[in-house]
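[1] only geometry, no sequence info:
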DNA sequence: ACCTGAACACCGTTCAAGT
DNA sequence: ACCTGAACACCGTTCAAGT
């Protein structure tokens, strides 16, 4: 018993919502969305599956909390100093989300789902608030603000999610395989499509290889920003 | 036995991939994504769960096939006559997808997932092909075609999916409840957020009520089209 | 070749019982 | 108040056995 007196390492501290959500994020990062299980999670927390339900209502709420935490971190990282312009601020927010989704591939899927399915769940208001302020600062008229916010947000989440999946899927084909090998496989499939039905995709497939890195992602953001300027300003 | 001689109604014809996929679409429409189960599906087809695996590899492939079928129907519906201009054609494709996702709420989720996760699965090439042709016709330079395609596609799928969920969720709060009552609930939650942290969302929440119908959806498409024109043409 | 249906290895969630 | 862990009602998938 003497060896156990002072050592608040990480075993005996009581369960809490924060510890549970933190462990869930770790599990999602390490094992993906399929790896987040109440059994695996309770094992990691050295408790029983039922214990988690004392602090969290169900799996949806747990995923929403994990997503909200990850988004808070992503948006806090990009909040350094006063931005030069609303355009620059929007690009910074977009890149912050891009990098966060790159680091946590499950985050792309969860954000896209929560944005439309449960817009009261913290992650959604956080993102809409940050982009909304800049859209307003840009001078977009009131009745069109959500249109422009959603044009930005759905592109950001979709494109960032795709980038993250491309990089994660590459590792699953064969551990350590490069992203380009995964994209090569997609390109090969596209080039095998019926040339009568899919002339464009077949001809353009090769372009995909260079597509989804940070600079291409930002080019898409700039297209939407240019559209906002041209239509509303 | 005399009553059973000639009546190819729908009981005794053999299982086939097409019948299975058709029944899956029906089940998804009626019971949602959670309702699509190999047990429920095999019951509807008057067979055992194992029989389905003779024609379909697994649930992912079944969902991909159902999604591909629904997209084919959506894109065929909008293919009447030669379009006036690439812009008009893109708007028509967008509206076709919007209406299809409105009619099949599960389609929004599945398309967004397949677009980034399994881009070889028929639904993705179909959509990229149709939009890609118009982007090329517009005169977007080769190296930027996928950037503009994805800006359009991710907005279309995200915004259409949100519209569909809003309408479907309304019915789940209480059967027959209007879409606006669901949005009112979201607005109420947003207006209860901390005013220090969420000034924009709180102030703008009311705008949401008028947001996501067809004309607002199209306004978003026009923003992106204007951006494409302004940046690349 | 195609179908059957029991069985396997999981899930999320509940809940009586403990402390 | 908080935790335990067996039990319940499901899943997707497999596979020996049938036709």
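    Nice, I can see it. This is a predicted model, so every value here is computed, not measured.
[2] ok, the helix or strand encompassing residue A:127 near chain B or not?
    For residue A:127, the host element (DSSP states H and E) is helix A:123-138. Yes. Using C-beta under 8 Å from any C-beta of the partner chain, helix A:123-138 comes into contact with chain B via A:125, A:128, A:129, A:132, A:133, A:136. Where you see a C-beta, it was placed from the backbone N, CA and C, and this is true even at glycine.
[3] which other residues reach that helix?
    With C-beta atoms under 8 Å, 6 or more residues apart in numbering or on different chains as the test, helix A:123-138 has contacts from A:64, A:67-68, A:71-72, A:75, A:83, A:86-87, A:89-90, A:93, A:97, A:110-111, A:114-115, A:118-119, A:145, A:148-149, A:152-153, A:228-229, A:232-233, B:190, B:193, B:197-201, B:204.
[4] In what element of secondary structure is residue A:223 found?
    Using DSSP H and E, residue A:223 sits within helix A:214-232.
[5] Show me how far that helix is from its chain's centre.
    Averaging C-alpha positions (C-alpha atoms, centre = their mean, to the nearest Å) puts helix A:214-232 20 Å from its chain's average.
[6] Please identify the buried residues of that helix?
    For helix A:214-232, the neighbour count (16 or more other C-beta atoms under 10 Å in any protein chain shown) marks A:216-232 as buried.
[7] Packing partners of that helix?
    Where contact means 3 or more C-beta pairs under 8 Å, 6 or more residues apart in numbering or on different chains; DSSP states H and E, helix A:214-232 is packed against helix A:86-103, helix A:123-138, helix A:145-173, helix B:145-173, helix B:214-232.
[8] Can you pull out the residues in contact with it?
    Applying C-beta under 8 Å, 6+ apart, the external contacts of helix A:214-232 come out as A:87, A:90-91, A:94-95, A:98, A:135, A:138-141, A:144, A:148, A:151-152, A:155-156, A:159-160, A:163, A:210, B:144, B:146-148, B:150-151, B:222-232.
[9] Check the average confidence over that helix, would you?
    Mean pLDDT, helix A:214-232: 97.
[10] Let me know the angle separating that helix from helix B:214-232.
    Angle, helix A:214-232 to helix B:214-232, by axes from the mean of the first three to the mean of the last three C-alpha atoms, to 10 degrees: 120 degrees.
[11] picking up where we left off before, want to throw the helices and strands packed on helix A:214-232 into a markdown table with distance to residue A:48?
    Output for the helices and strands packed on helix A:214-232, formatted as a markdown table (distance: least, C-beta to C-beta, whole Å):
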| stretch | distance to residue A:48 |
| --- | --- |
| helix A:86-103 | 31 |
| helix A:123-138 | 29 |
| helix A:145-173 | 31 |
| helix B:145-173 | 32 |
| helix B:214-232 | 47 |
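[12] To DNA strand C, which of the ones you listed lies closest?
    helix B:145-173 (15.8 Å; C-beta to the nearest atom of the strand).
[13] ok, back up a step: going by distance to residue A:57, which of the residues of helix A:123-138 next to chain B wins?
    Nearest to residue A:57 out of the residues of helix A:123-138 next to chain B is residue A:125 (C-beta to C-beta; 19.1 Å).
[14] gap between that closest one and residue A:138?
    Noted for residue A:125: a distance of 20 Å to residue A:138, by C-beta to C-beta, to the nearest Å.
[15] For those two, indicate the residue with more neighbours.
    Using other C-beta atoms under 10 Å in any protein chain shown as the criterion, residue A:125 and residue A:138 rank with residue A:125 on top: 24 against 19.
[16] quick revisit: show me which positions of the helix holding residue A:127 end up buried.
    In terms of neighbour count (16+ other C-beta under 10 Å), helix A:123-138 has its buried residues at A:123-136, A:138.
[17] near DNA strand D, which residues of chain A show up?
    When proximity is defined by C-beta under 7 Å from any atom of the strand, chain A lies next to DNA strand D at A:14, A:15, A:46, A:47, A:48, A:49, A:50, A:51, A:53, A:54, A:55.
[18] from the residues you listed, which is closest to DNA strand C?
    Distances from DNA strand C to these, taken by C-beta to the nearest atom of the strand, are shortest for residue A:50, at 3.0 Å.
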